[in-house]
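Peer 1: Dropping a prediction and its sequence here:
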Amino acid sequence: MTENISTNLKRSSDLEIWGVRFSAVFTFVVGMVNLISAVQPALLERLTILREAAIPLEVRFGSRLTSAFAGFALLLLANGLFRRKRVAWILTTILLSVSMLSHLLKGLDFEEAGISLALLLVLILLRHSFHALSDPPSIRQGILVLVGAVLFTLMYGTIGFYLLDRHFSTPFNFSQAVRQTLMMFIAFYDPGLQPITGFGRYFADSIYVIGLGTLGFALLMLIRPVLVRQPATAEERMRAEKIIQQYGRTPLARAALFEDKSYFFGGEDTVIAYATSGRGAMALGDPIGPDHQMAMAIEKFRDYCSRNDWTPAFASTLPDYLEIYRSLGFEATCIGYEAIVDLKSFTLEGSQNKGLRNTISRMERNGYTTEVLLPPLEDKFIHELQQISDAWLTSRHGGEMHFSVGWFEENYIRHSPVIVVRGADGEIIAFANLVSEYQKNELTLDLMRHFSNVPNGTMDFLFVRMLQWAKQQGYDHFSLGLSAIVGVGEKPEDPRVEQALHTLAEYVSRFYNFKGLHAFKEKFHPHWEPRYLVYPGVGSLPLVLTTLLKVHSGENFLVKFLWN
């Protein structure tokens with residue numbers, strides 16, 4: 001019985017999805033029909049009926065231009081309907097009503113009017129399916145653009161017609177110039193307007209160009225996705241921090257508290273930390289909370305994103321909840337493996353660690369030492385670490401990364417344990433800050449930076465001492481972080497999506513040395529756990545991957561691309 005209900009619900013959902021897609025495509029087709037019909041001559045017998053009904057030439061001509069404008073607007077709105085935009089639905093139903101009337105007035109085009117009526121009925125039947133919100137500030141901006149366009153075009157046309165009346169067959173006084181401009185902009189027709197010079201035709205056409213351009217821009221602003229402009233409130237951060245401290249169990253838990261995150265509370269004790277870019281919403285890892293609230297939180301977040309016209313995705317998720325994601329219509333692709341060192345068995349003994357032992361001995365002979373600085377750090381240390389961080393960023397030709405990693409922010413670094421490498425002169429030349437997890441007896445690192453001229457083996461030295469210190473403190477495991485893409489899609493039997501990601505990684509490797517970082521982590525003999533990218537479907541992948549890049553690096557990815 002339950003299975004039958006689930007099947008029926010899925011069928012109903014599929015029908016709704018295809019209904020929305022059909023109406024969007026149908027709207028695009030109707031827009032094209034309007035544009036083509038507007039430039040086609042009316043049938044003679046129907047035109048005769050209109051003349052006998054005393055429909056003025058101006059009305060017929062104006063209806064033709066109105067039909068063309070409605071077609072242009074419907075082409076723009078089709079994409080908004082595909083994205084379930086409520087504003088797009090409202091504007092489309094209005095334009096279809098106008099379109100039907102204009103088809104009848106311009107030439108008794110019952111066929112075109114009938115097509116518009118059919119689409120209008122479909123949209124009315126599907127009205128509850130168009131629930132995605134538009135960005136409120138953008139709606140206000142779109143309305144302001146529309147009002148500004150009317151005022152500017154009114155001023156532009158009035159002054160032009162008044163001063164340039166010698167370029168037209170009919171002279172214009174001030175009131176006539178105002179009327180002429182309003183009719184051209186609002187009704188899109190020109191009663192008796194006859195330019196007698198090339199400049200006069202250019203000026204008249206420019207009013208149409210300004211009108212269409214500003215109206216088109218206003219429409220696009222009206223259906224723009226909701227943008228997150230305000231950071232999470234103090235109350236939201238406090239609530240999220242309480243949940244994360246109680247249920248966080250991955251290295252990403254601390255990153256969920258960084259200031260670039262917004263929060264969605266999918267249950268009483270469940271939070272999803274996410275960031276947005278354009279139409280994409282990227283959640284950091286799985287929802288954080290008790291297991292029994294996972295399905296509800298994921299479903300609510302999916303619906304929340306749908307209402308805001310966002311495409312939801314989850315980055316670096318555990319394997320634990322993949323079946324829940326799939327049951328809710330998501331797909332999952334492995335994007336890398338997290339390196340986790342078992343500290344209880346970590347040792348430098350054995351032939352396989354000979355290279356590391358030699359490196360440690362060489363560094364010590366040359367006077368290099370390590371030290372763990374416990375929080376809160378003194379100002380002098382913050383200043384030294386800042387210099388190293390700035391030099392490291394300069395050498396990489398870019399700015400700070402975000403989202404799943406931290407950035408050098410004084411308060412964050414001051415309250416983190418930091419391991420440093422000192423040269424023979426006692427100066428700090430490299431550092432890494434340490435982050436403990438909440439529910440697991442596990443440690444991880446975040447920022448890992450050094451001067452560009454440090455000797456070979458410096459970071460090996462830092463990592464060995466860091467792991468040894470963590471073992472002495474009684475930690476069970478140490479996470480070396482995600483090794484992205486490496487090992488993904490390398491086999492012929494791997495899914496095509498993973499093979500495509502592997503190909504993409506070959507290009508992106510000019511910016512990020514995935515393989516080199518993976519080989520470095522392999523020195524410490526971790527075990528590798530898969531991490532996944534969860535997304536709505538293959539068709540959403542271009543947007544999802546773009547969102548993932550942008551929330552991590554923003555404009556820095558473009559800077560790196562142009563620089564290199």
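Peer 2: Happy to help now that I have it. Residues are numbered from 1 along each chain as shown.

Peer 1: Could you double-check that Leu77 lies in contact with Leu91?
Peer 2: Yes: counting by C-beta atoms under 8 Å, Leu91 is a contact partner of Leu77 at 5.8 Å. Glycine gets a C-beta too; all of them are placed from N, C-alpha and C.

Peer 1: Give me the more crowded residue out of the two.
Peer 2: Using other C-beta atoms under 10 Å, the more surrounded residue of Leu77 and Leu91 is Leu77, with 26 against 20.

Peer 1: In a strand, the more buried one, correct?
Peer 2: No: counting by DSSP: H, G, I helix; E, B strand; the rest coil, Leu77 is not found in a strand; it is helix.

Peer 1: I'd like the distance from it to Arg83, if you could.
Peer 2: 10 Å (C-beta to C-beta, to the nearest Å).

Peer 1: the domain parsing of this protein - what is it?
Peer 2: 16-222, 234-334, 338-540 (automatic domain parsing).

Peer 1: Which one of the ones you listed lies nearest to Thr547?
Peer 2: Judged by C-beta to C-beta, the one of the domains of the chain that comes nearest to Thr547 is domain 234-334, at 2.9 Å.

Peer 1: What mean pLDDT does the closest one get?
Peer 2: For domain 234-334, mean pLDDT rounds to 91.

Peer 1: And stretch 457-466, by the same measure?
Peer 2: Average pLDDT, stretch 457-466: 94.

Peer 1: cool, and stretch 364-383?
Peer 2: Averaging pLDDT along stretch 364-383 gives 93.

Peer 1: quick one: terminal-to-terminal distance for that stretch?
Peer 2: 26 Å (C-alpha to C-alpha, to the nearest Å).

Peer 1: residues near Gln176, how many?
Peer 2: The burial count for Gln176: 15, using other C-beta under 10 Å.

Peer 1: ok, and what's touching stretch 243-252?
Peer 2: 253-254, 256-257, 269-271, 284-286, 288-290, 316, 318, 338, 404, 435, 437-440, 442, 444, 479, 481 (C-beta atoms under 8 Å, 6 or more residues apart in numbering).

Peer 1: close enough to count as contact, Met459 and His450?
Peer 2: Yes: counting by C-beta under 8 Å, Met459 does reach His450; the two are 6.7 Å apart.

Peer 1: all strands for the chain, in order.
Peer 2: Remark: strands assigned in the chain by DSSP state E are 262-267, 270-277, 280-284, 311-317, 331-342, 369-373, 418-422, 428-436, 442-450, 477-484, 527-535.

Peer 1: can those strands go into CSV with extra columns for distance to Gln386?
Peer 2: Shown next, in CSV, are those (distance: least, C-beta to C-beta, whole Å):
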stretch, distance to Gln386
strand 262-267, 28
strand 270-277, 25
strand 280-284, 26
strand 311-317, 28
strand 331-342, 28
strand 369-373, 14
strand 418-422, 12
strand 428-436, 11
strand 442-450, 10
strand 477-484, 22
strand 527-535, 31
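
Peer 1: would you turn these into JSON lines with mean neighbour count and distance to Arg465?
Peer 2: Shown next, in JSON lines, are those (neighbours: other C-beta atoms under 10 Å; distance: least, C-beta to C-beta, whole Å):
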{"stretch": "strand 262-267", "mean neighbour count": "19", "distance to Arg465": "37"}
{"stretch": "strand 270-277", "mean neighbour count": "24", "distance to Arg465": "32"}
{"stretch": "strand 280-284", "mean neighbour count": "25", "distance to Arg465": "30"}
{"stretch": "strand 311-317", "mean neighbour count": "25", "distance to Arg465": "27"}
{"stretch": "strand 331-342", "mean neighbour count": "21", "distance to Arg465": "13"}
{"stretch": "strand 369-373", "mean neighbour count": "16", "distance to Arg465": "4"}
{"stretch": "strand 418-422", "mean neighbour count": "21", "distance to Arg465": "7"}
{"stretch": "strand 428-436", "mean neighbour count": "21", "distance to Arg465": "10"}
{"stretch": "strand 442-450", "mean neighbour count": "22", "distance to Arg465": "12"}
{"stretch": "strand 477-484", "mean neighbour count": "22", "distance to Arg465": "12"}
{"stretch": "strand 527-535", "mean neighbour count": "20", "distance to Arg465": "21"}
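
Peer 1: Ok, which of those strands comes nearest Leu151?
Peer 2: Between the strands of the chain, strand 270-277 lies closest to Leu151; by C-beta to C-beta that is 33.5 Å.

Peer 1: could you check the angle strand 311-317 makes with that closest one?
Peer 2: Interaxial angle, strand 270-277 versus strand 311-317 (axes from the mean of the first three to the mean of the last three C-alpha atoms, to 10 degrees): 110 degrees.

Peer 1: Identify the residues contacting strand 270-277?
Peer 2: With C-beta under 8 Å, 6+ apart as the test, strand 270-277 has contacts from 227-228, 239-240, 243-244, 247, 255-257, 260-266, 281-285, 287-290, 293-294, 296-297, 301, 310, 402-403, 546-547, 550-551, 554.

Peer 1: contacting residues for Gly280?
Peer 2: 310-311, 313, 543-544, 546-547, 550-551.

Peer 1: An error on my part: the question was meant for Gly406.
Peer 2: Here Gly406 is in contact with 254-255, 258, 412, 433, 446-447 (C-beta under 8 Å, 6+ apart).

Peer 1: rerun at 10 Å
Peer 2: By C-beta atoms under 10 Å, 6 or more residues apart in numbering, Gly406 lies in contact with 254-255, 257-258, 260, 400, 412-413, 416, 433, 435, 446-447.

Peer 1: which one of the residues you listed is nearest Ala177?
Peer 2: Nearest to Ala177 out of these is Asp260 (C-beta to C-beta; 53.1 Å).

Peer 1: you'd agree that closest one is up against Trp407?
Peer 2: Yes: if you go by C-beta atoms under 10 Å, Asp260 and Trp407 touch, sitting 8.8 Å apart.

Peer 1: any idea how far Ala430 lies from Ala391?
Peer 2: On the measure of C-beta to C-beta, Ala430 and Ala391 end up 11 Å apart.

Peer 1: joint contacts of those two?
Peer 2: Jointly contacting Ala430 and Ala391 under the rule C-beta under 10 Å, 6+ apart are 449-451.

Peer 1: Using a markdown table, lay out those together with distance to Gln40 and pLDDT.
Peer 2: Formatted as a markdown table, those follow (distance: C-beta to C-beta, whole Å; pLDDT from 0 to 100):
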| residue | distance to Gln40 | pLDDT |
| --- | --- | --- |
| Arg449 | 68 | 91 |
| His450 | 71 | 92 |
| Phe451 | 72 | 90 |
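
Peer 1: Appreciated, that's everything.
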